[in-house]
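Participant: whatever this is, show me its structure:
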Amino acid sequence: MVKMRYYRLKKEPRLVPFWLRLGIILILAGLAAFLYFRPAVLVKHLSGPSKPKEAIVRVVKIFYPANLAGRIGEFFNPTPRLEGVVFEVNGQGTMVRNNETLPLKTMDEIRLVKYDTSLWFNRGVRLYSKEIPVVELGRNIRVVNLLGDIENLEGTTATIEFFKGTTAFGKITLSVQLITLDWIEKAAKTEDIEQKIKYYQNAARLSPDNTLILNSLAELYEKSNQFERAAAILDRLAVQNPETEFLQRLAEDYFKSDHLDKALGIYLDQAKENPEFISSLSQAAELLEKTGRFAPALEYYQRLNELVPAEQQKELIKKIAYLYVQLDQPEHAVPLYESVAQTETGDVNLFLNLSRLYKQLKNDEKHAFYLKKVLDLNQNDLDSRSALVDHYVASNRLNDAATELKAIVAKDSKNLAAYIQLANIYEKLGQKNELLSAYQQIMSLNPGDNNVVFNAAAISYELNHYPEAETLFKRVVTANPKDIEAHDYLFNIYQETNRDPQAIEEAEKLIGLKPDFKGPYDFLIRHYEGINGLDKVVALSRQALLARPNDASLYEHLAYAYLKQNKVEDAKNSLQQAAKLAPNNVNLQHQLAIITEKEGKVKEALELYKKILEQNPNYKPAAADYLRLKKEEAENN
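Facilitator: Take a look at the predicted model:
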């Protein structure tokens, strides 16, 4: 850091003689002492024979040049000090000194009358406040107009500072506190419920024992659905004033704020003396029930049942039973419903509830018993009849189930579910004609269901109603050309009715859909064997062997065709393949022995005949051929 140096200026030549200057100084010093100490004080300072030295020292200090100059300067240019400020508040003068606070209320009228400072005529004094317009203090003005609207519970303050130039030398504070009435007036001026609550809260803090304010605040809480807060206030008021109105509101607020036990306690305490509370308890129970709060609703209804006359208890018992059902406690609901059912024999809903509960409890007999009671009272209750059908089906009472289902479709001819269930029962009972009738009804209600058409066609086929079955199966394959089962049924129908061209067509379609399908191949091969279409037999047999290479019967058909075509070697090879695949088939071995004999291989043929007879001594064709060949052999030798 650079060190600053200060230099004393040269003394100017003295133009005034020393003695004149000294005289002026002494005169001024005396005048200053007189004004500063006042004469009595000066005498006091100089008096006192017991302390002459001290008096001399004081005089010297007064007239010492340095002190004298300071006192003279203080006189002509005093240090700024705030002595006091005078306000007129509501027509009465009030003095406020430096750094003091003037307490005010919002509706007070205030005016700044004057202020005193250490400066001559308050020259150069400036007032400033960042909170209020100071110039407005020159006239009578209400505090609320001066400071504006005050929202703070603790009030507000405004500081007025006094300046000389840029130097502040004093200040006073105006402190404004709101009273209870201020907050109530604020609440009355606003429509905003939240603002009203805020203002009444402030008023209640200032007047915590004011019943009217607390009640108004509770009402505002209730309007804004703050029931727990409202209940807290009403609880205090009810202690002081246990009137029905307060208790009623308190119980409702407890109820709405989910303090159900407290609400119930009030209802029960008051209901013994005041019937209004019984009605309120009933309304509260109903509300709990409607909003799905079944456990507390159950408790409310049970306590209510203890308070009402006997003639009103029956409906309450039903309510209680219903709530047990909702709480999944059927074992508690059933005895209650049973007790009511003893006297109310015409209540369909009661019997219906009992039937459902017994089903839930897996008591099938009681379940069916009450279903029958329901149907005795209401024959058109198809849901109950369907439930009874389910019971009969589960109990394997299929004829009873069919009877009930016929009653259902008699009432509701378009009940598809009933017809389907009826069809299932007829199928289990083996009643095919009734089953076909049920399927026909189902088709009329749901013609687009191909499965139903197929089932009806199959039943018609089993009943040998071939024309109807053919028509229905054609509907199935039209909707689904790749339905193998439907094509197979048509194939069988054509065979049964001796329509070979149609059967051949369906057989070829089946082979195209399922190359390993044995039936169509066998039919076609037999058909062409019958008309001597040997080339077709060979082709079909070879085609079938691609899909079923281990089928010995196909090799047998090949051998037959080759023999007819005099292709003995091919026939023999086919029979050898067949014999390998079916070593226990003596017929194949016999055919092979015959071919071997035709080839002139007598000894080999004899061995084959002998082997067949060893395997099956009772096989007469082989025995006859063996004896014949033996005889011929003996004759030749």
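Participant: let me know the secondary structure of F169.
Facilitator: Following DSSP: H, G, I helix; E, B strand; the rest coil, F169 is assigned to strand.
Participant: where does it land on pLDDT?
Facilitator: On the pLDDT scale, F169 is placed at 92.
Participant: and it, how many neighbours?
Facilitator: Neighbour count of F169, defined by other C-beta atoms under 10 Å: 18. Heads up, the C-betas are built off the backbone N, CA and C, glycines and all.
Participant: OK, contacts around it?
Facilitator: Contact analysis of F169 by C-beta atoms under 8 Å, 6 or more residues apart in numbering lists 79-82, 117, 162-163.
Participant: cutoff 6 Å now
Facilitator: Taking C-beta atoms under 6 Å, 6 or more residues apart in numbering, we find F169 in contact with 80, 162.
Participant: next one: the one 4 residues further on
Facilitator: Residues counted as contacts of T173 (C-beta under 6 Å, 6+ apart) are 101, 157, 159.
Participant: of these, which is the nearest to Y358?
Facilitator: Within those, the smallest distance to Y358 is 79.6 Å, found for T157 (C-beta to C-beta).
Participant: phi first, then psi, for the closest one.
Facilitator: With angles defined as degrees, to the nearest 10, T157 sits at phi -130, psi 160.
Participant: again, but for the one 5 residues further on
Facilitator: The phi and psi torsions at F162 (degrees, to the nearest 10) take the values phi -110, psi 130.
Participant: shouldn't it be in contact with G170?
Facilitator: Yes. Counting by C-beta atoms under 6 Å, F162 touches G170, with 4.3 Å between them.
Participant: which neighbours do these two share?
Facilitator: L82.
Participant: tell me which element the closest residue to V568 other than its chain neighbours falls in.
Facilitator: Residue nearest to V568 in three dimensions, not counting chain neighbours: I595, with 6.1 Å by C-beta to C-beta, 6 or more residues apart in numbering. Secondary structure assignment for I595, by DSSP states H and E: helix 586-598.
Participant: mind giving me the packing neighbours of that helix?
Facilitator: Counting contacts by 3 or more C-beta pairs under 6 Å, 6 or more residues apart in numbering; DSSP states H and E, helix 586-598 packs against helix 568-581, helix 602-615.
Participant: circling back to that earlier point, shouldn't the residue nearest to V568 be in contact with K572?
Facilitator: Yes. If you go by C-beta under 6 Å, I595 and K572 touch, sitting 4.9 Å apart.
Participant: can you report phi and psi for the nearest residue to L534 once chain neighbours are set aside?
Facilitator: In this structure, L534 finds its nearest non-sequential neighbour in A561, 4.6 Å apart by C-beta to C-beta, 6+ apart. The phi and psi values for A561, taken as degrees, to the nearest 10, are phi -70, psi -40.
Participant: go on, the one 5 residues further on?
Facilitator: Its backbone dihedrals place N566 at phi 60, psi 30, with angles given as degrees, to the nearest 10.
Participant: tally of neighbours for it?
Facilitator: By the other C-beta under 10 Å criterion, the neighbourhood of N566 contains 8 residues.
Participant: next one, pLDDT for it please.
Facilitator: If you check N566, the pLDDT there is 83.
Participant: residue contacts, it?
Facilitator: Going by C-beta under 6 Å, 6+ apart, N566 touches no other residue.
Participant: cool, and the one 3 residues further on?
Facilitator: Contacts for E569 (C-beta under 6 Å, 6+ apart) come out as none.
Participant: and it, how far from L575?
Facilitator: Plainly put, E569 is 11 Å away from L575 if you go by C-beta to C-beta, to the nearest Å.
Participant: can you pull out the strands in the protein?
Facilitator: 82-89, 92-96, 101-104, 109-117, 125-128, 141-142, 156-164, 167-176 (DSSP state E).
Participant: tell me which of those strands sits nearest to N415.
Facilitator: Closest approach to N415 among the strands of the chain (C-beta to C-beta): strand 156-164, 81.3 Å.
Participant: which residues sit against the closest one?
Facilitator: Identification of contacts with strand 156-164 by C-beta under 6 Å, 6+ apart yields 80, 82, 124-129, 131-132, 150, 168-176.
Participant: so which of the strands of the chain gets nearest S395?
Facilitator: strand 156-164 (86.9 Å).
Participant: just want the angle from the closest one to strand 82-89.
Facilitator: Computed with axes from the mean of the first three to the mean of the last three C-alpha atoms, to 10 degrees, the direction of strand 156-164 lies at 140 degrees from that of strand 82-89.
Participant: what's the angle from strand 156-164 to strand 109-117?
Facilitator: Taking the same axes, to 10 degrees, one finds that strand 156-164 is oriented at 30 degrees with respect to strand 109-117.
Participant: quick one: buried ones out of the contacts of strand 156-164?
Facilitator: Buried members of those, counted by 16 or more other C-beta atoms under 10 Å: 80, 82, 125, 127, 129, 132, 150, 169-174, 176.
Participant: closest one to P501 out of these, please.
Facilitator: I150 (110.7 Å).
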